[in-house]
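Chemist: I'd like to go over a predicted model; first the sequence, then the structure.
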2 protein chains.
Amino acid sequence: MSEHPGFALLLVQLGMEAARQFSERLAPLGMEPRHVGMLVRLAANEGKAQQVIGELIGLNPTQMVFLVDELESRGFVERRRNPADRRSYALYLTPAGKDMLGKVREVGQVHQAKLGKSLSQTEQQQLTELLRRIARDQGITGLSLPGIPPRRTR
Amino acid sequence: MSEHPGFALLLVQLGMEAARQFSERLAPLGMEPRHVGMLVRLAANEGKAQQVIGELIGLNPTQMVFLVDELESRGFVERRRNPADRRSYALYLTPAGKDMLGKVREVGQVHQAKLGKSLSQTEQQQLTELLRRIARDQGITGLSLPGIPPRRTR
DNA sequence: TATTGTTATACTCTATAACTATA
DNA sequence: TATAGTTATAGAGTATAACAATA
């Protein structure tokens, strides 16, 4: 087990390492993985209610409050009252948020390139295909990133 | 990014899922991933000092105290005073600890089989080979499992 | 004085429950 | 009464610092 780890253990270890490196590479942008999950999901679901977006990312209402607070205070996300139901907020990406999302995607590409630099292009495609098959089989659909929770500083 | 995730994101997501499932499958044995890390490392390093083992797993002296406490109270690990240096403890697996390690390895095999059930044997070998290459390239050698920390109940 | 293992403490993360304002 | 979002609080997880025994 320790000498010749199988793919199950390798997945866990590489997953942790990939997350750690991604987090490190996001740091210069002042972003963390949980912010990325939010921006990506929001880009595909603008105008939906805060808690609806939260369910898509896998965050509860409480976590959403702080995460949206952070991104709103940095001008990446906007809360707009829904006139039809004044209890709920509709969430939108601001232009600055879209810019940041672009930068984050670039970081993601560099990140993946460095992670896979010992594999050929063909091998990277093979790997992606194999992992996708497992993910589909295991019912992994959402964009769940290590859910480091929001900080309490308003 | 959300539509067709690359292997970097897939690694993170599958790694988290694999860890979650492994943890679930260990539960009937009353074990958690951090215990497994300890037993596996200890099997290959019996008689070494507590803090030396700790470094191999990536746990600090404080965490080691609680983790060894847990495993010792369950009769899987034994602390023996080192006559040459009475400050340090040499750690050993008990027979019960070796039995448990065997069961844990079985769980690990079942776990991997279920995780890879949508891949052929050949594909599983391909995947393992590709992941090993990345792990080697990224300098991942140790047996680091999600380091859920020990509980404070003595 | 330095080191092994231990204990105490503070800090962060996370989940849950209580609260407000609208419905 | 129920729901969206918010705030408060308590429990776990984690890192760090202080401590006792031995070297």
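Modeler: Nice, thanks for sending it over.
Chemist: if I look at the residue of chain A found nearest chain B, how far off is DNA strand C?
Modeler: Closest to chain B within chain A is A:Gly15: 1.5 Å, counting by CB to the nearest CB. Where C-beta positions appear, they are placed from N, C-alpha and C, glycine not excepted. Distance of A:Gly15 to DNA strand C, given as CB to the nearest atom of the strand, to the nearest Å: 15 Å.
Chemist: tell me the centre residue of chain A?
Modeler: Taking CA atoms, centre = their mean, the centroid of chain A lies closest to A:Gly37, which sits 2.4 Å from it.
Chemist: In this structure that one contacts A:Ile57, no?
Modeler: Yes: between A:Gly37 and A:Ile57 there is a contact under CB atoms under 8 Å: 5.0 Å.
Chemist: before we move on, back to that, how about the nearest residue to the residue of chain A closest to chain B, chain neighbours excluded?
Modeler: Spatial nearest neighbour of A:Gly15, chain neighbours left out: B:Gly15 (1.5 Å); criterion: CB to CB, 6 or more residues apart in numbering or on different chains.
Chemist: Just say helix, strand or coil for that neighbour.
Modeler: Under the three-state scheme (DSSP: H, G, I helix; E, B strand; the rest coil), B:Gly15 adopts helix.
Chemist: rewinding a little: who touches the residue of chain A closest to chain B in this structure?
Modeler: With contact taken as CB atoms under 8 Å, 6 or more residues apart in numbering or on different chains, A:Gly15 is in contact with B:Leu11, B:Val12, B:Gln13, B:Leu14, B:Gly15, B:Met16, B:Ala18, B:Ala19.
Chemist: again, only using 7 Å
Modeler: B:Leu11, B:Val12, B:Leu14, B:Gly15, B:Met16 (CB atoms under 7 Å, 6 or more residues apart in numbering or on different chains).
Chemist: cool, and A:Phe76?
Modeler: So A:Phe76 contacts A:Leu39, A:Leu93, A:Thr94, A:Ala96, A:Gly97, A:Met100 (CB under 7 Å, 6+ apart).
Chemist: Likewise for A:Gly47?
Modeler: Applying CB under 7 Å, 6+ apart, the residues near A:Gly47 are A:Ala90, A:Tyr92.
Chemist: Phi, psi for it please.
Modeler: phi 90, psi -10 (degrees, to the nearest 10).
Chemist: again with A:Ala44
Modeler: phi -90, psi 0.
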